[in-house]
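Novice: can you look at this prediction? I've put the sequence above it.
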Amino acid sequence: MSTEQYSTGRDKLIDSLKHLIKDAEDLLKNTGQQADSGYQSARARFESTLQNAKSGLDAAQEKVAARAKGAAETTDRYVQENPWQAMGIGAIAGILVGLLIGRK
């Protein structure tokens, strides 16, 4: 799986989780007050789980952004320090992609 496919899949997953959380919040708001104590207990647990999921998702997004920024900085530093090697790697990658596309 390429980095771009991984990134797109990750973004779709994050969007899906955000929509799921919003739908769950809307459901909780629209259920109103139920008299059953079992329902109230289940609702409280669900609200807690939902809040934990939101916090976890936010933390995961921050971690992914920090990793991406670190990778970009490392790549930039490498290219600054080794411009000819970076150009060579880019040229080889371009040739390989061109060959793969040309074969189809």
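Specialist: It's in. Numbering: from 1, shown residues only.
Novice: going forward, measure contacts and count neighbours with C-alpha atoms only.
Specialist: Noted.
Novice: hey, which helix or strand in the protein has the poorest pLDDT?
Specialist: helix 3-30 (a mean of 72; mean pLDDT, DSSP states H and E).
Novice: run through the neighbouring helices and strands of the helix or strand following it.
Specialist: Scanning forward in sequence from helix 3-30 by DSSP states H and E, the next helix or strand is helix 37-81. Counting contacts by 3 or more C-alpha pairs under 8 Å, 6 or more residues apart in numbering; DSSP states H and E, helix 37-81 packs against helix 3-30, helix 83-103.
Novice: would CSV of those with mean neighbour count be doable?
Specialist: Listed next are these as CSV, based on neighbours: other C-alpha atoms under 10 Å:
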stretch, mean neighbour count
helix 3-30, 12
helix 83-103, 11
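Novice: adding distance to A68, write those out as a markdown table.
Specialist: Below are these laid out as a markdown table (distance: least, C-alpha to C-alpha, whole Å):
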| stretch | distance to A68 |
| --- | --- |
| helix 3-30 | 10 |
| helix 83-103 | 19 |
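Novice: ok, which of these comes nearest E62?
Specialist: Across these, E62 has its closest neighbour in helix 3-30 (12.0 Å, C-alpha to C-alpha).
Novice: on contacts alone, who are the packing partners of that closest one?
Specialist: Counting contacts by 3+ C-alpha pairs under 8 Å, 6+ apart, helix 3-30 packs against helix 37-81.
Novice: now the helix it packs on against helix 83-103, angle please.
Specialist: Between helix 37-81 and helix 83-103, the angle comes out at 120 degrees (axes from the mean of the first three to the mean of the last three C-alpha atoms, to 10 degrees).
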